[in-house]
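[1] Sequence first, predicted model second:
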Amino acid sequence: MRPGIIPCRFQIERKTRVRFFCPVVCLWSAAVCAFAQDPATPPQLTPPPASKLVFHARGRGEQIYSCTNVQGRYEWKLKAPRADLYDTNGAYLGKHFAGPTWEAKDGSHVAGKATATVQSPKADAIPWLLVTAVGNDGDGIMSRVSSIQRLNTQGGKAPGTGCDPAHDGAETSVPYEADYYFYTNAQRVEASR
């Protein structure tokens, strides 16, 4: 049976049951399945109008934190991400590091600044973000990127303990994964042609 199709049973006679598969689309079920696989993007993380998706990558790596004294209180502060980017088939696409910066394997870069944040539905996961490009470099795929979404995060949250005066300046790394969606401003691309 194909997903989204529900079987219908009809009783033709009391003694005989005949099964038919009706092409009845279960819209509610399909919507639930789609949400489970690709959660709806919160509206505040929607890229600007005229944005066009360039590509999607899965990032796998770590969030690096430093134990820092913030006005007499010690806490883990993000120092930098460090992750590799892969396509849906697991092929290497590039890397993600401090800045935040994303570098494609063609050598092009995009650096960005977070402009919107939404807490992840998972308690141990870093927030979802909308990032606006503040600088592009190179002639490759990242040179066209104008905004980036970080969604579907897993892990990466700073530890709740272990940062105190005895560990001032110490670093720790927390594994994480996230989906990154890279967008270009379609109007800007058309104007540059």
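    Nice, thanks for sending it over.

[2] mind listing the helices in the chain by residue range?
    27-37, 186-192 (DSSP state H).

[3] Pick out the shakiest of those helices, pLDDT-wise.
    Out of the helices of the chain, helix 27-37 stands lowest, with a mean of 30 (criterion: mean pLDDT).

[4] To what extent is Gly72 buried, counted in neighbours?
    5 (other CB atoms under 10 Å). Quick note: C-beta positions are derived from backbone N, CA and C, even for glycine.

[5] Quick check: it vs Arg144, distance?
    Separation of Gly72 from Arg144 (CB to CB, to the nearest Å) stands at 45 Å.

[6] now the strands for this structure?
    For the chain, the strands defined by DSSP state E cover 8-11, 17-20, 51-70, 73-86, 92-97, 101-104, 109-118, 128-137, 147-155, 171-185.

[7] Where do the domain boundaries of this protein fall?
    8-37, 43-192 (automatic domain parsing).

[8] Compare the strands of the chain and give me the one nearest Gln44.
    Set against Gln44 and scored by CB to CB, those come closest in strand 109-118, at 4.7 Å.

[9] Could you list which residues are in contact with Thr68?
    74-77, 163, 168-169 (CB atoms under 8 Å, 6 or more residues apart in numbering).

[10] CSV for the residues you listed, including neighbour count?
    CSV is the format used below for the contacts of Thr68 (neighbours: other CB atoms under 10 Å):
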residue, neighbour count
Tyr74, 17
Glu75, 14
Trp76, 23
Lys77, 13
Cys163, 22
Asp168, 12
Gly169, 8
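
[11] tell me, how many neighbours does Arg73 end up with?
    With other CB under 10 Å as criterion, Arg73 counts 8.

[12] Bridged to it, which residues?
    Val70 (DSSP bridges).

[13] ok, now how distant is it from Trp128?
    27 Å.

[14] before we move on, what about Glu75?
    22 Å.

[15] now Glu171
    25 Å.

[16] Show me which of these two is the more surrounded one.
    With neighbours defined as other CB under 10 Å, Glu171 and Trp128 compare such that Trp128 has more, 23 against 12.

[17] residues contacting the closest residue to Asn136 other than its chain neighbours?
    What sits nearest to Asn136 in space, not counting adjacent residues and going by CB to CB, 6 or more residues apart in numbering, is Ser143, at 4.7 Å. By CB under 8 Å, 6+ apart, Ser143 lies in contact with 108, 110, 136-137.

[18] now do 10 Å
    104, 106-110, 133, 136-137, 184 (CB atoms under 10 Å, 6 or more residues apart in numbering).

[19] thinking again about what came up before, and the contacts of Thr68 as TSV, adding distance to Pro175 and pLDDT?
    Output for the contacts of Thr68, formatted as TSV (distance: CB to CB, whole Å; pLDDT from 0 to 100):
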residue	distance to Pro175	pLDDT
Tyr74	23	96
Glu75	20	96
Trp76	15	97
Lys77	18	97
Cys163	18	96
Asp168	24	95
Gly169	22	95
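
[20] All set, thanks.
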